[in-house]
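K.L.:
Next comes the sequence, and after it the predicted model I'd like to discuss.
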Protein chains: 2
Amino acid sequence: MLRTRILHQHWIAALACLCVFFAPLVSAQSGVLPSWNERAAKKAVVDFVHRVTTEGGPDFVPPAERIATFDNDGTLWIEQPLYVQLRFAIDRVKALAPEHPEWKSTQPFKAALEDDYKTLGASGEKGLMSLLMATHAGMTSDEFERIVSDWLGSVRHPRFQQAYTNCVYQPMLELLAYLRANGFKTYIVSGGGVEFMRAFAEQVYGIPPEQVIGSTLRTQFELRGDKPAITRLPALDFLDDKEGKPVAIERIIGRRPIAAFGNSDGDLQMLQWTAAGPGARFMLIVHHDDAEREFAYDRTSAMGRLDKALDEAQAKGWVVVSMKDDWNTIFRFTR
Amino acid sequence: MLRTRILHQHWIAALACLCVFFAPLVSAQSGVLPSWNERAAKKAVVDFVHRVTTEGGPDFVPPAERIATFDNDGTLWIEQPLYVQLRFAIDRVKALAPEHPEWKSTQPFKAALEDDYKTLGASGEKGLMSLLMATHAGMTSDEFERIVSDWLGSVRHPRFQQAYTNCVYQPMLELLAYLRANGFKTYIVSGGGVEFMRAFAEQVYGIPPEQVIGSTLRTQFELRGDKPAITRLPALDFLDDKEGKPVAIERIIGRRPIAAFGNSDGDLQMLQWTAAGPGARFMLIVHHDDAEREFAYDRTSAMGRLDKALDEAQAKGWVVVSMKDDWNTIFRFTR
């Protein structure tokens, strides 16, 4: 009896040792990130998280400093064949067209009404900006959020016939949850409009409004009688792209991320800024190389061009995820 | 024996009931907010927190939406006889003067060098702005934070002979901690510079950098060789005062606060914006009426003028704290 109990205790001790020893290995191979194949990219993520969360280890980072920033379009959700927010702007032009008969003969509105993306693209930054201003301004913040929510609930992706809020990358959802479970604070830092993203980020990504950073229009506080309102003006306040991303991170978060995730040249400066900090760092680029399950594009794409950032990732050893090889699932609806 | 046990159980049940019943009362009267006198202001705070945290109650607010915003100068720390950041700018002018011999004969620099606050004030917004730009720009964000930290460690308040980081209001420190213990996320929303405040906000107030919102200079991302840096430019990006406060809250937090705390007309719009939301709301103004222990000023003060906001607080029933009557302690060093 005593001998049995001692044996039993030995067993428990031995098991405990084994568990501690193999815990990172076990979690890497089974529980965590199930949509990620067992390849170098997944191993790099799990190793990094293990290092920065190991108390007493040389790379330990206190939870308050575990800031991870994610681009949105093409990194967390689909950006082909058209940025979702651009599709929204085009749909808004169509919805508002009855009030603007002049749009039928004015570019870029004419092109938007006719789904003529080539002419729309040729209208350049100035053209796109006028499209955005005509569709994103002139209402209060609350009204705009309702318009976006209603639209997201009603449209479908042209190829997948799914709501855009379903066209989010399942492996990235798992990555967000995995990082948060390890004490990270996850932020979106995107060229997209901040209020546009806030309409779905909490529900879809589990990212609260105060952790969404994006481009902004000028807004104005005013009293309508006794009732205060914040109105959206047709003027760009801040473009949160390229050099704008580290600038916004420093201004709004005030800490340098220790991990950053992107998919295009618009994310390069955020990755450079993250990489240049002290201690353990993690930089990852999602490479869209799966035409069959999603889209394949990089160096010459109009949406989400990945050229310089791909060169720099390869030169500096940042993780480049092949959607084709590293992800066994892309969307939840195809699993 | 059985009877004893039943009696014992009754006692426990009775005690449990009493505890639940009296819990708010007990905490209001002893444990929490010890530097607040047992008056209407303290009762209003405790009642509000009790209402929004009571699950199933009519005023319950989920933790994610418990946003509380605090002005800094005059609300959390001292702002007399001179805004601390203005004192910093003047000291920087003195420190940098050897490199700028022209300042000896140029206003407002001459006034700053001579501690001639009257002339300095008369130089108006334009003068003050040129003083700020000359002292707050031209370095990286990291360098600026070091300059501020070093300065805060070396100077003393002229009257109290204490570091400015000690000249923080003990009752407000208790209030911040009390709100956080009840699931609130506490933010600073101040006219002061965001990087200036971040140099001490975490250590002094327990408020992390990403919860500090303030005025900003333009900044620029640049690569110095291979090393990225964010440089501060001599141009105002955003003035986080008056109408700017709700604008910044909406842009950066993306949720309307349910509680807001200020002390001057610069906070009025933040309080109005907070008050106009649905559900339970809490608006509080710190009234500096204690010349003996701190300073007494309101309607005609150059720093922290409280005039319109005092009228509106009285008209709308917002809580007005009398520092003299509501606080038994002002600073930790005088307790």
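P.N.:
Sure, I can see it. Numbers count the residues shown, from 1 in each chain, chains lettered A, B, ... in the order given.
K.L.:
So what's the residue count around residue A:297?
P.N.:
22 (other Cβ atoms under 10 Å in any protein chain shown). Just so you know, the C-beta spots here come from the backbone N, C-alpha and C atoms, and that holds for glycine as well.
K.L.:
Hmm, residue A:223 is touching residue B:272, no?
P.N.:
Yes - judged on Cβ atoms under 8 Å, residue A:223 makes contact with residue B:272 at a distance of 7.3 Å.
K.L.:
quick one: which of those two has more around it?
P.N.:
For the pair residue A:223 and residue B:272, the greater number of neighbours falls to residue B:272 (22 against 12), based on other Cβ under 10 Å.
K.L.:
if you look at the helix or strand containing the more buried one, does any of it touch chain A?
P.N.:
Using DSSP states H and E, residue B:272 falls within helix B:268-275. Yes - using Cβ under 8 Å from any Cβ of the partner chain, helix B:268-275 reaches chain A at B:269, B:272-273.
K.L.:
so residue A:34 touches residue A:174, yeah?
P.N.:
Yes - counting by Cβ under 8 Å, residue A:34 does reach residue A:174; the two are 6.7 Å apart.
K.L.:
which residues do residue A:223 and residue B:272 both contact?
P.N.:
Residues touching both residue A:223 and residue B:272 do not exist when contact is defined as Cβ atoms under 8 Å, 6 or more residues apart in numbering or on different chains.
K.L.:
Count the neighbours of residue A:236 for me.
P.N.:
If you count neighbours by other Cβ under 10 Å, residue A:236 ends up with 14.
K.L.:
dump the residue contacts of the residue nearest the centre of chain A.
P.N.:
Centroid-nearest residue in chain A: residue A:72, 2.5 Å away (criterion: Cα atoms, centre = their mean). Neighbouring residues of residue A:72 by Cβ under 8 Å, 6+ apart: A:188, A:190, A:192, A:197, A:214.
K.L.:
quick one: the third one is in a strand?
P.N.:
Yes - remark: residue A:192 belongs to a strand, assigned using DSSP: H, G, I helix; E, B strand; the rest coil.
K.L.:
Compute the number of surrounding residues for it.
P.N.:
Using other Cβ under 10 Å, residue A:192 has 23 other residues around it.
K.L.:
Equivalent analysis for the first one, please.
P.N.:
Other residues near residue A:188 come to 23 when the count uses other Cβ under 10 Å.
K.L.:
Please apply the same query to residue A:278.
P.N.:
7.
K.L.:
before we move on, the earlier item: quick one: buried residues of the helix holding residue B:272?
P.N.:
Across helix B:268-275, burial judged by 16 or more other Cβ atoms under 10 Å in any protein chain shown covers B:268-275.
K.L.:
what's it packed up against?
P.N.:
Applying 3 or more Cβ pairs under 8 Å, 6 or more residues apart in numbering or on different chains; DSSP states H and E, one finds that helix B:268-275 contacts strand A:212-224, strand A:227-238, helix B:244-248, strand B:259-262, strand B:282-287, helix B:308-316.
K.L.:
Flag every residue of the stretch 151-300 of chain A that's near chain B.
P.N.:
Residues of the stretch 151-300 of chain A lying close to chain B (Cβ under 8 Å from any Cβ) are A:185, A:194-195, A:198, A:208-210, A:212, A:216, A:219-221, A:223, A:227-228, A:230, A:237, A:243-244, A:246-247, A:250-255, A:269, A:272-273, A:276.
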